[in-house]
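Undergrad: have a look at this fold, sequence not included:
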């Protein structure tokens, strides 16, 4: 962990001191959360404890980060406008009940907007949002709801007619349940190709998120926006600062080559 922190810090310092196209290396961080659960955070890379989430949100608030809705970031990118320094978006995948019971009160406390991507068929199942919770989140000023498909398949591994159904039907059903148009989409496991991407556009979404499409993929594609996965290792606020710096994606993509 210490070696990882040192190397990332060193790269950021070198970028700044040598004036290596820092702006071109910058990617506004879209944070990707899943479960907010203390027990799960000890064994799962997609879970963090409520205490860690509280500290992270307080960090963003106290340090005056420009935390904006994902829809606003997409609009800035679409218009080719400069993204303000320290801009951050917060997202959750799957629609776990603890997003409502643990994360939502903290987001409300600091007035921080977030997007929750819902697996529509999982609503009402144990461990996932109930219909009432989903509606309450949809009615709030803090939360934007998006689709994470109906059943969470890997879209690139199923027949075209089925992935289209997953993309289209999940939007239509969410539109009805929350009584508003759902505009955002998250590819399950971050998997997409040009056919899947086109289906998302054709379904009427205004943007979509992935995990890491690779360093050669365009950074301004609003239907394949990169995200930073947050795990319990980010309980270290220095690690979290690096991950929210805007340069973490640039560093990670080259580290992984």
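TA: Yes, it's here. This one's a predicted model, so the numbers in the text were calculated from it and none came from an experiment.
Undergrad: ok, which stretches of this structure are strands?
TA: 30-33, 35-36, 47-48, 66-67, 87-94, 114-118, 143-147, 184-186, 207-209, 228-229 (DSSP state E).
Undergrad: with mean pLDDT, distance to residue 247 and mean neighbour count added, can I get these in TSV?
TA: Every C-beta, even on glycine, is put in place using the N, C-alpha and C of the backbone. As requested, the strands of the chain are exported to TSV (pLDDT from 0 to 100; distance: least, C-beta to C-beta, whole Å; neighbours: other C-beta atoms under 10 Å):
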stretch	mean pLDDT	distance to residue 247	mean neighbour count
strand 30-33	98	14	22
strand 35-36	98	26	24
strand 47-48	96	22	24
strand 66-67	97	16	18
strand 87-94	98	13	24
strand 114-118	98	22	26
strand 143-147	98	26	25
strand 184-186	98	23	27
strand 207-209	98	19	25
strand 228-229	95	11	20
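Undergrad: redo these as TSV? Include distance to residue 242.
TA: Shown next, in TSV, are these (distance: least, C-beta to C-beta, whole Å):
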stretch	distance to residue 242
strand 30-33	13
strand 35-36	21
strand 47-48	16
strand 66-67	17
strand 87-94	13
strand 114-118	21
strand 143-147	26
strand 184-186	24
strand 207-209	20
strand 228-229	10
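Undergrad: quick one: which of these is nearest residue 249?
TA: strand 228-229 (6.5 Å; C-beta to C-beta).
Undergrad: from the contact counts, what lies against the closest one?
TA: In terms of contacts (3 or more C-beta pairs under 8 Å, 6 or more residues apart in numbering; DSSP states H and E), strand 228-229 is packed against strand 30-33.
Undergrad: where in the stretch 1-150 of the chain is pLDDT low?
TA: Within the stretch 1-150 of the chain, the stretches with pLDDT under 70 are 1-24.
Undergrad: just the buried positions in stretch 181-198, please.
TA: 182-188, 190, 192, 196-197 (16 or more other C-beta atoms under 10 Å).
Undergrad: end-to-end on it?
TA: Using C-alpha to C-alpha, to the nearest Å, the end-to-end distance of stretch 181-198 comes to 19 Å.
Undergrad: for the strands of the chain, which one sits closest to residue 81?
TA: Among the strands of the chain, the nearest to residue 81 by C-beta to C-beta is strand 87-94 (11.2 Å).
Undergrad: and the angle from the closest one to strand 114-118?
TA: On the basis of axes from the mean of the first three to the mean of the last three C-alpha atoms, to 10 degrees, strand 87-94 is oriented at 20 degrees to strand 114-118.
Undergrad: hmm, who's touching strand 87-94?
TA: Strand 87-94 is contacted from outside by 28-35, 60, 65-70, 73, 99, 103, 107, 112-119, 122, 128, 148, 152, 186, 209, 227, 244, 246, using C-beta atoms under 8 Å, 6 or more residues apart in numbering.
Undergrad: isn't residue 204 right up against residue 172?
TA: No - with contact defined as C-beta atoms under 8 Å, residue 204 does not reach residue 172; the gap is 9.7 Å.
Undergrad: anything in contact with each of these two?
TA: Joint contacts of residue 204 and residue 172 (C-beta under 8 Å, 6+ apart) do not exist.
Undergrad: picking that back up, which one of the strands of the chain lies closest to residue 135?
TA: Among these, strand 143-147 comes nearest to residue 135, with 9.8 Å by C-beta to C-beta.
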